[in-house]
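Student: next come a sequence and a model predicted from it.
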Amino acid sequence: MNYKKLKVILIISASLFLAACKTTGEFTGDANLTILVVDENGSGVGNCSVILSNFNKSENGITNENGMCVFSNVPSGEFRLTGQKNGYSKLESEPFNFINKGDIFCFEIFSSGQILTKVEQLYEQRDYKNASELLDQVVCDKKSSLYAAICLYKSYGFFLQENKKQTLSELKKMKKADKAFEEIYEKIIQKIEINEIENESQEGEGETL
């Protein structure tokens with residue numbers, strides 16, 4: 001495929017970063033539309049489920065080992081691409097125009113490790129809103145250790161905000177997901193609940209006085 005005259009367009013949203021890179025060559029009628037999904041290191045992400053859609057219809061596909069997927073007989077027009085793969089951020093593109101034959105559209109998704117690192121940085125900046133939105137973008141099975149890790153990061157974020165109710169909620173989700181450390185999570189939950197009851201009791205005594 002022709003990668004000459006490569007043009008990179010970067011679109012930034014609160015949840016993920018999308019890069020659309022394309023070549024030139026106008027066409028009429030239908031043509032093959034090629035998409036490329038890469039991670040934060042520029043490596044192709046294989047086995048990523050994708051959906052190409054416009055106002056009329058949608059078509060499913062899956063990327064090969066190089067992160068590429070070709071949709072055949074696609075007319076020119078405006079499209080969106082969504083997709084997902086466990087352990088990565090969701091793929092939700094802005095609208096893009098397919099008007100040049102041979103265009104290759106590149107979309108960047110981030111690994112869970114990269115997202116958790118970014119969340120740690122956001123916590124240091126006390127940017128809890130964007131940190132929470134990033135964590136919500138991670139695709140994972142609710143019975144996996146990754147889901148438990150996401151819940152742990154969320155609970156820590158709520159803890160930093162002194163939101164005990166949400167902290168407990170995320171810890172309980174984590175306990176269900178990660179059975180290997182169920183007893184440890186239960187002890188932490190109990191300590192937080194006891195501390196919360198004691199604080200409520202002290203507040204009640206203060207009001208009485």
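Tutor: Yep, that arrived.

Student: show me the helices in the protein, by range?
Tutor: Along the chain, counting by DSSP state H, helices occupy 112-124, 128-136, 145-160, 164-177, 182-208.

Student: I'd guessed Leu49 sits against Ile62; true?
Tutor: Not quite, residue 49 is Ser, not Leu. Yes. At 5.5 Å, Ser49 counts as touching Ile62 under the criterion of CB atoms under 8 Å. In short, each C-beta sits where N, CA and C put it, glycine included.

Student: so between those two, which is more surrounded?
Tutor: Ser49 (16 against 12; other CB atoms under 10 Å).

Student: which residues touch that one?
Tutor: By CB atoms under 8 Å, 6 or more residues apart in numbering, the contact list for Ser49 reads 60-62, 83-85.

Student: now Asn54
Tutor: Asn54 touches 77-80, counting by CB under 8 Å, 6+ apart.

Student: what do you get if the cut-off is 10 Å, keeping everything else the same?
Tutor: Applying CB atoms under 10 Å, 6 or more residues apart in numbering to Asn54 gives the contacts 74-75, 77-80, 95, 98.

Student: what do you get for Gln125?
Tutor: Ala131 are the contacts of Gln125 under CB under 10 Å, 6+ apart.

Student: swap in Leu146?
Tutor: Per CB under 10 Å, 6+ apart, neighbours of Leu146: 86-87, 112-113, 116, 138-140, 177-178.

Student: now restrict these to buried residues only.
Tutor: 87, 112, 116, 138-140, 177-178 (16 or more other CB atoms under 10 Å).

Student: farthest-apart pair in those, please.
Tutor: With CB to CB as the measure, no two of the buried ones among the contacts of Leu146 lie farther apart than Val139 and Asp178, at 17.6 Å.

Student: which of the contacts of Ser49 fall in strands?
Tutor: 60-62, 83-84 (DSSP state E).

Student: on that earlier part again, neighbour-wise, which of the contacts of Asn54 leads?
Tutor: Going by other CB under 10 Å, Phe79 tops the contacts of Asn54 with 22 neighbours.

Student: per-residue confidence for the residue lying closest to that one once chain neighbours are set aside?
Tutor: Excluding its sequence neighbours, the residue lying closest to Phe79 (CB to CB, 6 or more residues apart in numbering) is Asn54, at 5.0 Å. Predicted confidence (pLDDT) at Asn54: the value is 91.

Student: now swap in Leu122 and tell me
Tutor: Reported pLDDT for Leu122: 94.

Student: my guess is it meets Tyr156, correct?
Tutor: No. Contact criterion CB atoms under 10 Å: Leu122 and Tyr156 do not qualify, at 11.7 Å.

Student: which residues do these two both contact?
Tutor: With CB under 10 Å, 6+ apart as the test, Leu122 and Tyr156 both reach Ala131.

Student: separation between Glu59 and Glu133?
Tutor: Per CB to CB, to the nearest Å, Glu59 is found 28 Å from Glu133.
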